[in-house]
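K.L.:
what follows is a predicted protein model with its sequence.
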Amino acid sequence: MTRRFSETASVLRPVLGALFAGVWRRMALGASLAAITVLAGMGLLGLSGWFIAATAIAGLHAASALAFDVFAPSAGIRLLALGRTAARYGERLVTHDATLAALAALRERIFRGWASAAQIRELLRRPARALFRLTSDLDALESLYLRLLTPAGAALCATAFAAATLGLMTFWLGIALGIWMLAVGIAVSVGLFFRSRRPALRRALLTERLRAQTVDLVSGQTELVMAGRLAAQCAALEQTDRRLARADRRLHRLDTAAGAIYGIAGSLTLAATLLGVGALVDRGQIGIPAAVLALLIALAAMEPFAALRRGALEAGRMWLAAKRLSPHCAEYAECADSGATPDAAVPDVPNAGDAVILQRVSVRYPGSATDALQSLSLTIAHGERVAVVGPSGAGKSTLMALLAGELAAHAGSIQRLPFAWLSQRADLFQDSLRENLLLAAPEAGDEALWHALESAGLAADIRGLNAGLETRLGESGLGLSAGQRRRLALARLLLQSHPLWLLDEPTEGLDAATAADVLARLRILGEGRAWLMATHLRREAALADRLLILRDGRVEAEYRWGSRDFAAALAALRHD
Ligand SMILES: Nc1ncnc2c1ncn2[C@@H]1O[C@H](COP(=O)(O)OP(=O)(O)OP(=O)(O)O)[C@@H](O)[C@H]1O
């Protein structure tokens, strides 16, 4: 039991800390306004009933009718009516403003929490899941405040108010009402939470699966048709949909049952209060108007608990979201406390003279039994060009990813200068050419952009487009040829003045003429910078000052330009 409690606390603490950080005052104000709205509503109903009953009784005799003060209660009714409307309006504004601000801050925290090598790899493997978590899990936390905490606070205030009002008439009636309301409210909410936890969890997971399957179906249509798996994928999707509908039906049934229980509990409360206040009137302890006030307050008191229903139904989903987001919130909080970034793989800067120093670095992929890089040491001097060659699986891309900070080493030390990275696939976005270029240098003006395009040999092509730099690209750079995409990536590389270039097979897939042009430009523009280039191709490796032969994650040999071994190793590479 204690272990369970400490586990729950360890999940909720970072999430609540992250959710309330910076906005807790607004959230407390929102919850207070929600409570005021409920109390004003109860007060309005009770006072109106009291007023009508008291006016009717006072009207029975001329003397009492003349003495009856109609102004104070009607002013009170107006005040409560206006107050309730204003509090409701303020509550909506404040709670939603606080929630949106909290979620925006939390989203940023989660993004920062994800900005680590291991997380990025995981996200790239399952992008649909990442998107779902960013949207759905965070929305679930929105419900935690709006549908659970705020209504729970309002329900407690309503209980206290109803118990106090009846307690003023007779102490034990107030206590009995308070205990009864708390018992029913807590029992139904907690019972609903436990009964709905499994279907709510199932619903959240099935919605996630349905989205991922739909994305797979749409984006992989061609492959599914080619493999004859389209019908199977559709059937799997339909099955998920059916299971989701079953979970939905179960939740709806629970919701209806909880509504019915609250209805019955409300009627029982009303009947018991009627008997209680009837006895009090009989004994002459209270008048009829006070009895009507008590009855109407008891009638309204159960309503805030009914509002908790939705929160209790969604609690399972909130719990799942909290469990998934909690490590990221905790991770980020630790980093914020220590002033570090979440990515432990950020390397140091080497001493003057060298651009890269790797010392006995080992890297292992999660789930792999062997190291992809094994105690690898490498030094690259300023302005030196090193080409890494080796058979497929030797560890070339791993080495590049390590230096780019996409992978963390489990042993050894890494020092390198700031770098610009030309990867095999140019990461182009569905945006204008200008925005795609500005990713590399957000402050660059038009002159710098055109200069980079000129140097990359793409300026003439862009000038030929009607919208020039404003031309919009499709997904992954659709609208440009492979050669133009590579040149655009090259222009991005040139917009950065970093002293180290990481080039991953920079001309793979280009025709011989385009490749020769790109390489000639790289050679001229990369003068004075250090290069680390992963390659299979002779035309690329020929630009290097040093060849590094990698095999099974180790440096097997190194050859300097001009040596016979260098020429032999070069000759062994692919020609185009
Ligand atoms: N994401 C991954 N998870 C597990 N193992 C991986 C992963 N990526 C690469 N590896 C393994 O790490 C080793 C080195 O792979 P790497 O991609 O670095 O080789 P490479 O030399 O770049 O190959 P290629 O020339 O085919 O691109 C291989 O044994 C490979 O199976």
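P.N.:
Perfect, I can see it now. What you see is a predicted model; the values in this text were computed from it and never measured.
K.L.:
in the helix or strand L66 falls within, what's buried?
P.N.:
Taking DSSP states H and E as the criterion, the element that holds L66 is helix 62-67. Under the neighbour-count criterion of 16 or more other CB atoms under 10 Å, helix 62-67 has nothing buried. In this view, the C-beta of every residue, glycine as well, is placed from N, C-alpha and C.
K.L.:
counting contacts, what elements does whichever helix or strand comes after it pack onto?
P.N.:
On the C-terminal side of helix 62-67, the nearest following helix or strand under DSSP H and E is helix 71-114. Packed against helix 71-114 by the contact rule (3 or more CB pairs under 8 Å, 6 or more residues apart in numbering; DSSP states H and E) you find helix 2-20, helix 24-58, helix 117-125, helix 138-143, helix 303-338.
K.L.:
how much space separates the residue positioned nearest the centre of the chain from L493?
P.N.:
Compute the mean C-alpha point of the chain, and by CA atoms, centre = their mean the closest residue is L134, 2.6 Å away. Counting by CB to CB, to the nearest Å, the gap from L134 to L493 is 30 Å.
K.L.:
about what we covered before: what comes into contact with the helix holding L66?
P.N.:
For helix 62-67, the external contacting residues (CB atoms under 8 Å, 6 or more residues apart in numbering) are 57-59.
K.L.:
ok, now stretch 544-552?
P.N.:
By CB under 8 Å, 6+ apart, the surrounding residues in contact with stretch 544-552 are 374, 378, 384-391, 394-396, 399, 531, 533, 541, 555-561, 566, 569-570.
K.L.:
quick one on the thing from earlier: for the helix holding L66, output the C-alpha coordinates as CSV.
P.N.:
Included here for helix 62-67 are C-alpha records, laid out as CSV according to Å, rounded to 0.1, in the frame of the first residue of the first chain:
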residue,chain,number,x,y,z
ALA,A,62,-52.0,43.0,6.2
ALA,A,63,-49.8,43.9,9.2
SER,A,64,-47.0,41.4,8.3
ALA,A,65,-47.3,42.3,4.6
LEU,A,66,-46.6,45.9,5.4
ALA,A,67,-43.7,45.1,7.8
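K.L.:
show the average pLDDT along it.
P.N.:
pLDDT averaged over helix 62-67 equals 75, rounded to a whole number.
K.L.:
relative to the whole chain's centre, how far out is it?
P.N.:
A distance of 66 Å separates the centroid of the chain from that of helix 62-67, by CA atoms, centre = their mean, to the nearest Å.
K.L.:
before we move on, what about stretch 429-442?
P.N.:
With CA atoms, centre = their mean as the basis, the distance from the averaged C-alpha position of stretch 429-442 to the chain average is 24 Å.
K.L.:
the residue nearest to the centre of the chain: what secondary structure?
P.N.:
State at L134, reduced to three classes by DSSP: H, G, I helix; E, B strand; the rest coil: helix.
K.L.:
ok, now which ones touch it?
P.N.:
Taking CB under 8 Å, 6+ apart as the definition, contacts of L134 comprise 107, 110.
K.L.:
quick check: residues of this structure near the ligand?
P.N.:
365, 368, 372, 390, 392-398 (CB under 6 Å from any ligand atom).
K.L.:
taking those residues one by one, which sit in helices?
P.N.:
Filtering the residues of the chain next to the ligand for membership in helices, criterion DSSP state H, returns 396-398.
K.L.:
which stretches of the stretch 351-500 of the chain have low pLDDT?
P.N.:
For the stretch 351-500 of the chain, residues meeting the criterion pLDDT under 70 lie at 425, 475-477.
K.L.:
tally of neighbours for R4?
P.N.:
The criterion is other CB atoms under 10 Å. On that basis, R4 has 8 neighbouring residues.
K.L.:
do A104 as well
P.N.:
By other CB under 10 Å, 12 other residues sit near A104.
K.L.:
who's in contact with it?
P.N.:
If you count contacts by CB under 8 Å, 6+ apart, then A104 has nothing around it.
K.L.:
measure it to L19 for me?
P.N.:
According to CB to CB, A104 and L19 sit 11 Å apart.
K.L.:
worst mean pLDDT across the helices and strands of the chain, which element?
P.N.:
With mean pLDDT, DSSP states H and E as the measure, the helix or strand of the chain carrying the lowest mean pLDDT is helix 117-125 (a mean of 66).
K.L.:
which segments of the protein make up each domain?
P.N.:
When the chain is parsed with automatic domain parsing, its domains come out as 2-338, 354-571.
K.L.:
report how many residues lie close to L270.
P.N.:
For L270, using other CB under 10 Å, the count is 16.
K.L.:
contact partners for it?
P.N.:
295, 298-299.
K.L.:
select from those residues the one having the most neighbours.
P.N.:
Ranked by neighbour count under the definition other CB under 10 Å, the contacts of L270 are headed by A298 with 27 neighbours.
K.L.:
where exactly do the helices run in the stretch 451-576 of the chain?
P.N.:
Counting by DSSP state H, counting those that start in this stretch, one finds helices in the stretch 451-576 of the chain at the ranges 459-463, 482-494, 512-525, 538-541, 564-571.
K.L.:
pick the most deeply packed of those.
P.N.:
Comparing these by mean neighbour count (mean count of other CB atoms under 10 Å), helix 482-494 ranks first with a mean of 23.
K.L.:
who touches that helix?
P.N.:
Counting by CB under 8 Å, 6+ apart, the neighbours of helix 482-494 from elsewhere in the structure are 420-423, 426, 428, 433, 436-437, 439-440, 449, 452-453, 455-458, 461, 477, 480, 501, 506-507, 509-511, 514, 518, 521-522, 525.
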